[in-house]
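Visitor: What follows is a predicted structure for the sequence shown.
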Amino acid sequence: MVAGSARDDLPRRRARRVAELTRQMVRCSREADWDGVVERNRLRHLEAEALFQSGFPAGDNEYIRSILEEALSVEREVRERMTAARDELGVEARSSSRHYTASNVYRRFSGSAAG
């Protein structure tokens, strides 16, 4: 009977694992650990896929749905942080590129004026 109970609890454990991985993604995003976000997202997708492929008892529908809704709601925060970080990197890259171009132009003209 214990083996059957453990198997019956597998969908709930998988759902809790999805929720935990999502919380870890949020934590990583707050620390700007984008590699951590990507890795936990990969694991989360594997766990969610396994959850839906194996199926779960009808009695667990509401429980699993509530956990997945929570996971999706906090995922928005992660996406917002990733978008903000991406935009910030874009601004820095453009600024660096302008500085590099300006330095090259200055060197070119100051070198030709000296020569």
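Guide: Structure's in. What do you need?
Visitor: centroid residue for this protein?
Guide: A centroid search over the chain (C-alpha atoms, centre = their mean) returns V37, at 3.8 Å, as the residue closest to the centre.
Visitor: Please name the nearest non-neighbouring residue to that one.
Guide: Leaving aside its sequence neighbours, V37 sits nearest to C28 (C-beta to C-beta, 6 or more residues apart in numbering; 4.6 Å). (C-beta placed from N, C-alpha, C; glycine too.)
Visitor: could you say what helices and strands the host helix or strand of that neighbour packs with?
Guide: Assigning secondary structure by DSSP states H and E places C28 in helix 2-30. Helix 2-30 is packed against helix 34-54, helix 61-114, with contacts defined by 3 or more C-beta pairs under 8 Å, 6 or more residues apart in numbering; DSSP states H and E.
Visitor: What residues of it count as buried?
Guide: Within helix 2-30, the residues scored as buried using 16 or more other C-beta atoms under 10 Å are 11-12, 14-15, 17-22, 24-26, 28-29.
Visitor: Next: stretch 78-92.
Guide: Buried positions in stretch 78-92, judged by neighbour count with 16+ other C-beta under 10 Å: 78, 81-82.
Visitor: ok, and what's touching that stretch?
Guide: Contacting residues not belonging to stretch 78-92 are listed as 25-26, 29-30, 32, 34, 37 [C-beta atoms under 8 Å, 6 or more residues apart in numbering].
Visitor: Can you show me the CA trace of it as PDB?
Guide: Provided in PDB are the C-alpha atoms of stretch 78-92 (Å, rounded to 0.1, in the frame of the first residue of the first chain):
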ATOM      1  CA  VAL A  78      11.100  37.000 -13.700                       C
ATOM      2  CA  ARG A  79      10.200  38.100 -17.300                       C
ATOM      3  CA  GLU A  80      10.000  41.700 -16.300                       C
ATOM      4  CA  ARG A  81      13.400  41.500 -14.600                       C
ATOM      5  CA  MET A  82      14.900  39.800 -17.600                       C
ATOM      6  CA  THR A  83      13.500  42.400 -20.000                       C
ATOM      7  CA  ALA A  84      14.800  45.200 -17.800                       C
ATOM      8  CA  ALA A  85      18.300  43.600 -17.700                       C
ATOM      9  CA  ARG A  86      18.200  43.100 -21.500                       C
ATOM     10  CA  ASP A  87      17.300  46.700 -22.100                       C
ATOM     11  CA  GLU A  88      20.000  47.900 -19.700                       C
ATOM     12  CA  LEU A  89      22.600  45.900 -21.500                       C
ATOM     13  CA  GLY A  90      21.400  47.300 -24.800                       C
ATOM     14  CA  VAL A  91      21.800  50.900 -23.500                       C
ATOM     15  CA  GLU A  92      25.300  50.000 -22.200                       C
END
